[in-house]
Structures are given as structure tokens and as C-alpha cells.
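S.K.: sequence and predicted structure are below.
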Amino acid sequence: MIKTKSAELLVAHKQRLIDRYGDPKKPLKLICIAAIHGNEQAGILALKQVFERMRQQQLELNGELIALIGNLQAVRQNTRFIERDLNRIWSDTAISDALAQR
């Protein structure tokens, strides 16, 4: 198991993209999002391990796996959220409003 201090993660992640693997030319995409809460960063480490193992085993995908940090600003500050808790905004009203704005 890899142990990393939060401060190391904060320095390492200056962008939202954690990693990507596979063939970007193929239409199938799987997107994984870690750290919806900025102070819960275990998902970042878990996804890094997944990518490391995929590369070690030279797995072939019929598409692409993309890993992103969900709340980059909160990760940088090692806090749960900045303005809104992104894990608590999924009410029926909020979803309907977002769809209506499309």
C-alpha cells in the first residue's frame, strides 16, 4: 500500500486530470472521479494504483479510462468543500434546473 501525506497530494495535483489509459480514438470512455470532498483523497491514490497496475500488465482496453479530481480547489486546500458540498447537490430540483438550462 502506498502511503502519501496530504501535502504531497496537494503539490502533485495542479490539474484536474489524474491519468488516462487506453485508446482515445475509440468511442468508449469510462470516467472515474475522485475527491468530490477535498479532504477525502484516498480515491486519488486508489486510481493511481489502478493505472499503475494496468500499465504493468499492459492491459488492452476497447476504449479509454480517464480519472479526474472532482473538487480540485478543495483538494488544494485539504478541506471538504469550498462553497458547496458537491456530494449533496443532487436533489430532484437541482437536477431538473440543470437540465432545463441545457
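M.R.: That came in fine, so what should we check first? Here the structure is a predicted model, which means the values were calculated and not measured.
S.K.: the bottom helix or strand of this structure by mean pLDDT?
M.R.: Least confident helix or strand of the chain, by mean pLDDT, DSSP states H and E, is helix 6-12 with a mean of 50.
S.K.: need the contact partners of the next helix-or-strand element following it.
M.R.: Sequence order places strand 17-22 as the next helix or strand after helix 6-12, per DSSP states H and E. For strand 17-22, contacts defined as CB atoms under 8 Å, 6 or more residues apart in numbering pick out 34, 44, 47-48, 51, 54-55, 59, 61, 63-69. Where you see a C-beta, it was placed from the backbone N, CA and C, and this is true even at glycine.
S.K.: out of these, who has the most neighbours?
M.R.: Counting by other CB atoms under 10 Å, I69 has the largest number of neighbours within the contacts of strand 17-22, with 24 neighbours.
S.K.: low-confidence ranges in this structure?
M.R.: 1-13 (pLDDT under 70).
S.K.: max-length helix in it?
M.R.: Secondary structure of the chain read by DSSP state H shows that its longest helix is helix 42-56.
S.K.: give me the contact list for the helix or strand harbouring L68.
M.R.: Assigned by DSSP H and E, L68 belongs to strand 64-69. Under the criterion CB under 8 Å, 6+ apart, residues 13, 16-24, 26, 28-35, 44, 47, 50-51, 54, 75 lie in contact with strand 64-69.
S.K.: if you set the cut-off to 6 Å instead, what comes out?
M.R.: Residues outside strand 64-69 that contact it (CB atoms under 6 Å, 6 or more residues apart in numbering): 13, 16, 18-22, 24, 29-33, 35, 47, 75.
S.K.: just stretch 31-50 next, same as before
M.R.: Under CB under 6 Å, 6+ apart, the answer for stretch 31-50 is 2, 9, 18, 66-71, 74-75, 78-80, 86-87.
S.K.: now those: which count as buried?
M.R.: Among the contacts of stretch 31-50, the ones that count as buried by 16 or more other CB atoms under 10 Å are L9, I18, I66, A67, L68, I69, G70, N71, A74, V75, L86.
S.K.: show me what the fourth one is bridged to.
M.R.: On the basis of DSSP bridges, A67 takes part in beta bridges with D19, C32.
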